[in-house]
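Trainee: what shape does this take:
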Amino acid sequence: MSSTESERHPPDPTPPQVPDQPPQTDGAKASAPTARWLTVLLFSGLVAVLWVFPNFWYTRAGRSQDFRWLAENTNVPGHFYRSVPVNEVAEAFLVADRLSNGEFSRTGGLPVRVFSAKRYLKKENEIGLFSHTPDRCWTSAGWKMEPLERDYCEVEVHGMRILFERRLFTAGVQRELVYFGALVGGKPLPYRLNQYAAAAQGREGLFAADRTGTLRRLAQSRMWGWAMESFFTRTPLLGPQRFIRLSSSVDTAGLGAADQRLQELIPQWLQPVDYDAELAHWPKSH
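Mentor: As a prediction, the model looks like this:
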């Protein structure tokens with residue numbers, strides 16, 4: 001064969017040698033589905049342990065030593081209390097076991113409006129007691145939020161330092177200073193209830209997609225400290241809930257006078273009581 005014909009018809013390359021595969025034994029064939037079942041069982045067991053663990057870990061300790069509960073006192077010296085129907089407030093649609101709404105007034109002074117919502121038992125498929133704060137409810141009702149340099153404060157109430165959100169709402173010529181805060185499991189809430197503040201002021205920034213406020217809460221060190229304390233002391237992170245809101249008009253005396261009215265009334269309006277006694281009485285009046 002000439003070189004030309006060799007170039008036109010190159011010899012076929014040698015096919016690669018494929019090593020012989022050893023035949024699978026019956027044991028090897030059965031091991032694959034067995035491994036899959038073991039993986040499923042282990043994962044299911046882990047989920048079951050994580051599900052049951054809180055019930056075991058947190059219930060053995062019983063109620064925390066510093067569990068405290070507050071009730072509404074309408075007999076404040078020097079004040080006259082007037083009950084106001086709950087359906088007249090923006091938070092009327094909150095689902096709670098007990099709602100209280102009213103107004104304290106006194107001679108020569110501006111009134112203080114008070115609202116309280118309690119939930120003793122956890123109920124499925126109900127909105128959270130802290131999901132509709134004034135930042136959301138009041139602005140939906142037509143109020144406008146004005147910016148404040150200090151938008152929260154701590155008030156000592158019978159040995160507890162309760163963190164209150166501090167807001168200034170306006171409607172026409174009316175200006176209202178509002179405090180709102182919460183307790184869970186007999187303790188002040190360890191994080192701020194400001195999940196809707198940025199949206200109410202039109203400045204959502206990095207948290208624009210955080211409609212529920214979850215990212216804001218996770219970014220707060222108080223929340224993580226509370227969770228760690230709850231774990232090591234074996235006290236439940238959740239429990240009976242209490243939402244508190246007070247407000248008073250702002251006149252020519254300014255914000256400082258309104259702050260003083262609210263902070264002086266809080267420990268007089270909220271009085272420590274025995275939680276079990278209140279809970280025992282609740283079904284009779286519910």
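
Trainee: where does pLDDT dip in the stretch 101-250 of the chain?
Mentor: 122-128, 198-238 (pLDDT under 70).

Trainee: tell me which stretches of it form strands.
Mentor: Listed in chain order, the strands of the stretch 101-250 of the chain (DSSP state E, counting those that start in this stretch) span 112-119, 144-146, 152-157, 160-171, 174-184, 187-188, 241-249.

Trainee: out of those strands, nearest to Y81?
Mentor: Closest approach to Y81 among the strands of the stretch 101-250 of the chain is made by strand 112-119 (8.7 Å; C-beta to C-beta). Bear in mind the C-beta positions are built from the backbone N, C-alpha and C, glycine included.

Trainee: kindly reformat the strands of the stretch 101-250 of the chain as a markdown table containing distance to P134.
Mentor: Formatted as a markdown table, the strands of the stretch 101-250 of the chain follow (distance: least, C-beta to C-beta, whole Å):
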| stretch | distance to P134 |
| --- | --- |
| strand 112-119 | 9 |
| strand 144-146 | 9 |
| strand 152-157 | 13 |
| strand 160-171 | 6 |
| strand 174-184 | 5 |
| strand 187-188 | 18 |
| strand 241-249 | 6 |
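
Trainee: between the ones you listed, which one is closest to V84.
Mentor: Nearest of those to V84, taken as C-beta to C-beta: strand 112-119 at 7.7 Å.

Trainee: partners of the closest one in the sheet?
Mentor: The pairing partners recorded for strand 112-119 under DSSP bridges are strand 98-105 (antiparallel), strand 241-249 (antiparallel).

Trainee: next, the buried residues of the host helix or strand of Q263.
Mentor: Secondary structure assigned from DSSP states H and E places Q263 in helix 255-269. Using 16 or more other C-beta atoms under 10 Å as the test for burial, helix 255-269 gives 257-259, 261-263, 265-267, 269.

Trainee: show the average pLDDT along that helix.
Mentor: The pLDDT scores in helix 255-269 average 96.

Trainee: quick one: contacts for R261?
Mentor: 109-110, 112, 248 (C-beta atoms under 8 Å, 6 or more residues apart in numbering).

Trainee: so how far is M145 from it?
Mentor: Distance, R261 to M145, using C-beta to C-beta, to the nearest Å: 20 Å.

Trainee: about what we covered before: what angle separates the helix holding Q263 from strand 152-157?
Mentor: With axes from the mean of the first three to the mean of the last three C-alpha atoms, to 10 degrees defining the directions, helix 255-269 sits at 30 degrees from strand 152-157.

Trainee: what residues sit buried inside the helix or strand that helix 255-269 is followed by?
Mentor: Elements were assigned by DSSP H and E; along the chain past helix 255-269, the next helix or strand is strand 270-273. Across strand 270-273, burial judged by 16+ other C-beta under 10 Å covers L270.

Trainee: for strand 270-273, which strands pair with it and how are they oriented?
Mentor: If you go by DSSP bridges, strand 270-273 pairs up with strand 69-72 (antiparallel).

Trainee: so which residues make contact with the partner strand?
Mentor: With C-beta under 8 Å, 6+ apart as the contact definition, strand 69-72 has outside contacts at 100, 114, 116, 157-158, 183, 186, 240, 242, 269-275, 278.

Trainee: and the residues you listed, which of them are buried?
Mentor: Buried residues within the contacts of strand 69-72, counting neighbours by 16+ other C-beta under 10 Å: 100, 114, 116, 157, 183, 186, 240, 242, 269-270, 275, 278.

Trainee: relative to L177, which of the residues you listed is nearest.
Mentor: V114 (13.3 Å).

Trainee: need the contact list for the closest residue in space to the closest one that isn't next to it in sequence.
Mentor: In this structure, V114 finds its nearest non-sequential neighbour in L246, 5.2 Å apart by C-beta to C-beta, 6 or more residues apart in numbering. Counting by C-beta under 8 Å, 6+ apart, L246 touches 112-115, 178-180, 262, 265-266, 269.

Trainee: hey, what's L246 bridged with?
Mentor: Beta-bridge partners, per DSSP bridges, of L246: V114, Y179.

Trainee: so A277 is in which element?
Mentor: Using DSSP H and E, A277 sits in helix 275-285.

Trainee: picking that back up, hey, C-alpha coordinates of the helix holding Q263 in PDB?
Mentor: Output in PDB follows, covering the C-alpha atoms of helix 255-269 (Å, rounded to 0.1, in the frame of the first residue of the first chain):
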ATOM      1  CA  LEU A 255     -42.800  66.300  74.800                       C
ATOM      2  CA  GLY A 256     -41.100  66.400  78.200                       C
ATOM      3  CA  ALA A 257     -44.400  67.000  80.000                       C
ATOM      4  CA  ALA A 258     -46.100  64.200  78.100                       C
ATOM      5  CA  ASP A 259     -43.200  61.900  78.900                       C
ATOM      6  CA  GLN A 260     -43.600  62.700  82.600                       C
ATOM      7  CA  ARG A 261     -47.400  62.000  82.600                       C
ATOM      8  CA  LEU A 262     -46.900  58.600  81.000                       C
ATOM      9  CA  GLN A 263     -44.000  57.500  83.100                       C
ATOM     10  CA  GLU A 264     -45.600  58.600  86.400                       C
ATOM     11  CA  LEU A 265     -48.900  56.700  85.500                       C
ATOM     12  CA  ILE A 266     -47.400  53.400  84.400                       C
ATOM     13  CA  PRO A 267     -46.400  52.000  87.800                       C
ATOM     14  CA  GLN A 268     -49.700  53.300  89.300                       C
ATOM     15  CA  TRP A 269     -51.800  51.700  86.500                       C
END
